[in-house]
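**Q** Need coordinates for the following:
(one chain, ligands or ions: 1)
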Amino acid sequence: MTRKFLTILLTVFPTAVIAAGQPPAVFRAGAATSNITPPLGASLNGGFTDRRATHVHDELHARCLVLDDGTTRLAFAVCDSCMVPREIVDEAKRLIRSATGIPPEHVLISATHTHTAPTAAPVFGSDPDPEYRKFLTTRIADGVRRAANNLAPAQVGWGVGKQPDHVFNRRWRMKPGTIPPDPFGDKTDQVQMNPPVGSPNLVEPAGPTDPDVWVVSLRTPEGKPVAVLANYALHYVGGNPGDHVSADYYGMFAEALAQKLGADHQDPPFVTIMSNGASGNINNVDFRGRRQPLPPYGQMQFVADSVAQEAARVIASIRYHDHVPLGARTAALDLAVRKPTRDDVARAKEFLVPLAGRPPRSAPEVYARETVLLSDYPDKVELILQSLRLGELTIVAAPCEVFVEIGMELKQKSPRKPLFLISLANAYNGYLPTPEHHKLGGYETWRARSSYLEIDASPKIVAKLLELIGSLH
Ligand SMILES: [Zn+2]
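**A** Have a look, this model is predicted:
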């Protein structure tokens, strides 16, 4: 075939070339958001005790992105939720597969970890409403289906910036004898989570922070923004009334970035997704007390604008590809549960007797109830781990509130770079401290439905993820 003839053929009959066995691989992207705001009165989780929604400050969304390299499709759905449990993820993935053909292993569903969203997984004093769970499941699946409907030729690129000003390690070494006893009555904690701001007893944070601001940017071949998938290791911002519904800084980041890119009011709409990195021990409190307090929602907006500023700076310098190969692998990993002993359970039950059925209020009461509930857990649980590939970029996902050290270790040890981690993905299996942090104790290690995996869970998860990355490229 002469070059001239091929050019004519490609221009006039692009499908003829596909039939001739030379598919011009077209990379496509589509994005959509599903509103997942609950009615007022919904149970809101994120604290020890349950709260009920009295106001919606800003709407909640499942922010969805579908990518297609011509043979393989990947889907992302990041939800304004504190955590999305395995049952919802599995059912949403089943609906997605039957409507779009995208296999569950190629779909990543995660929670942003806003603490002002409806309860989707039972945790501490909050239990989910079955109707909201059904609604959330359908809305996630619909969001991915609509993103697939919007698939259109696109270019993809990625890059990383730094924003160290909003991330603080929240576990602190304190002056000897100043750490309060844990809720089980033991005085063995060597670190304190969220110590009082400006406390004279502060010694030093018990770990690092990760300032990376990751962005994966999709645009049309003409350069119009389509979607951005971002990643930052910040637990959440908060500072708003606990009975409000709000997507926290994740939602404000999306609006701020759309404005900065001049991409608001597009059709189909531009979609920004902020996924949560390894932020289990990272929050937005400057414990040294050097910060002026802002009114409710002020701090969130401040963080959102500042991180969006950095994301926009990175996007301006991204080198786009017309096509990259996509891939995905998932693996199941069985891990032991840190179950309470028979004595622990007996003591907890005795402790709960005087409550006479009323909901627990104090931390010792909450953790006594957690001890009883955990005694019904199986001895082992199955975790879903995932590794996705966009060309040379690797995204790994774990179903936990992953400690920052683990995300940094994966970034450093991965045989394929660059890499970032999306936490709280594909299920909810509680906090993931390192074995060293288990030795230090503190809130994130206290045995409850929010922290129950075996002490050696993190090295096993890291090893499995590294294995997955190796098999993917
Ligand atoms: Zn959390």
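
**Q** On the C-terminal side of the helix or strand containing residue 438, identify the next helix or strand.
**A** Residue 438 belongs to helix 435-440 when assigned by DSSP states H and E. Next along the chain after helix 435-440, taking DSSP H and E as the criterion, comes helix 457-472.

**Q** what's the spacing between that next one and its chain's center?
**A** With CA atoms, centre = their mean, to the nearest Å as the basis, helix 457-472 stands 18 Å off its chain's centre.

**Q** do the same with stretch 156-175
**A** Put simply, stretch 156-175 sits 15 Å off its chain's centre (CA atoms, centre = their mean).

**Q** show me the contacts for the closest residue to residue 150 other than its chain neighbours.
**A** Leaving aside its sequence neighbours, residue 150 sits nearest to residue 30 (CB to CB, 6 or more residues apart in numbering; 3.4 Å). For the C-beta atoms, the positions are set from N, CA and C on the backbone; glycine is no exception. Taking CB atoms under 8 Å, 6 or more residues apart in numbering, we find residue 30 in contact with 65, 66, 68, 147, 148, 149, 150, 151, 152, 226, 268.

**Q** for the helix or strand encompassing residue 30, what is the average pLDDT?
**A** Applying DSSP H and E as the criterion places residue 30 in strand 28-35. On average, the pLDDT along strand 28-35 is 98.

**Q** three-state assignment of residue 137?
**A** At residue 137 the chain is in helix, as set by DSSP: H, G, I helix; E, B strand; the rest coil.

**Q** Renumber starting at 47 from here on
**A** From this message on, residue numbering opens at 47, which makes the last subject residue 183.

**Q** Help me confirm that it comes into contact with residue 139.
**A** No. Residue 183 lies out of contact with residue 139 (CB atoms under 8 Å); the separation is 9.7 Å.

**Q** So which elements touch whichever strand or helix holds residue 348?
**A** Here residue 348 sits within helix 344-362, counting by DSSP H and E. With contacts defined as 3 or more CB pairs under 8 Å, 6 or more residues apart in numbering; DSSP states H and E, helix 344-362 has these neighbours: strand 201-208, strand 258-265, strand 271-278, helix 294-306.

**Q** Which SSE is immediately downstream of that helix?
**A** Using DSSP H and E, the helix or strand that follows helix 344-362 in sequence is strand 372-382.

**Q** any idea how far the helix or strand following that following strand is from the chain center?
**A** The element immediately downstream of strand 372-382 (helix or strand, assigned by DSSP H and E) is helix 388-398. Computed by CA atoms, centre = their mean, the separation of helix 388-398 from the middle of its chain amounts to 34 Å.

**Q** Find the nearest non-adjacent residue to residue 131, please.
**A** Distances taken as CB to CB, 6+ apart put residue 167 closest to residue 131, at 3.8 Å, once the chain neighbours are dropped.

**Q** show me what contacts the one you found?
**A** Residue 167 sits next to 91, 128, 129, 130, 131, 174, 474 when contact means CB under 8 Å, 6+ apart.

**Q** Quick check: the third one touching residue 166?
**A** Right, the one you point to is residue 129. Yes. With contact defined as CB under 8 Å, residue 129 and residue 166 form a contacting pair (6.6 Å).

**Q** Name the residues contacting each of those two.
**A** Between them, residue 129 and residue 166 share the contacting residues residue 157, judged by CB under 8 Å, 6+ apart.

**Q** Can you give me the first-to-last residue distance of stretch 86-95?
**A** Length of stretch 86-95, first residue to last, CA to CA, to the nearest Å: 18 Å.

**Q** typo on my end, stretch 264-272
**A** 5 Å.

**Q** Need the contact partners of it.
**A** The contact list for stretch 264-272 (CB under 8 Å, 6+ apart) reads 75-77, 111, 113, 198-202, 263, 273-274, 307, 309, 312, 316-317, 366, 368.

**Q** Swap in 7 Å and give it another go.
**A** The contact list for stretch 264-272, computed with CB atoms under 7 Å, 6 or more residues apart in numbering, reads 75, 77, 198, 199, 200, 201, 202, 273, 307, 309, 316, 366.

**Q** separation between the second one and residue 201?
**A** Applying CB to CB, to the nearest Å, the value for residue 77 to residue 201 is 14 Å.

**Q** Which one of those two is surrounded by more residues?
**A** Each of residue 77 and residue 201 has its neighbours counted (other CB atoms under 10 Å); residue 77 has more, 28 against 21.

**Q** for the more buried one, which residues make a bridge with it?
**A** Beta bridges link residue 77 to residue 111, judged by DSSP bridges.

**Q** wait, doesn't it sit right on residue 318?
**A** No. Contact criterion CB atoms under 7 Å: residue 77 and residue 318 do not qualify, at 9.0 Å.

**Q** Nearest spatial neighbour of residue 168, chain-adjacent residues omitted?
**A** Using CB to CB, 6+ apart and skipping the chain neighbours, the partner closest in space to residue 168 is residue 174 (6.1 Å).

**Q** quick one, what contacts the one you found?
**A** Residue 174 sits in contact with 89, 165, 166, 167, 168, where contact means CB under 7 Å, 6+ apart.

**Q** list the contacts for residue 350?
**A** Shown in contact with residue 350 (CB under 7 Å, 6+ apart): 295, 298, 299, 302.

**Q** Just among the residues you listed, which is most surrounded?
**A** Neighbour tally across these (other CB under 10 Å): the maximum, 31 neighbours, falls on residue 295.

**Q** pLDDT wise, what is residue 93 at?
**A** pLDDT, residue 93: 84.

**Q** where does it land in three-state SS?
**A** At residue 93 the chain is in coil, as set by three-state DSSP.

**Q** how much space between it and residue 409?
**A** For residue 93 relative to residue 409 (CB to CB), the value is 11 Å.

**Q** What is the one helix or strand residue 456 maps to packed up against?
**A** Secondary structure from DSSP H and E places residue 456 in helix 450-459. Helices and strands touching helix 450-459, as assessed by 3 or more CB pairs under 7 Å, 6 or more residues apart in numbering; DSSP states H and E, comprise strand 465-468, helix 503-518.
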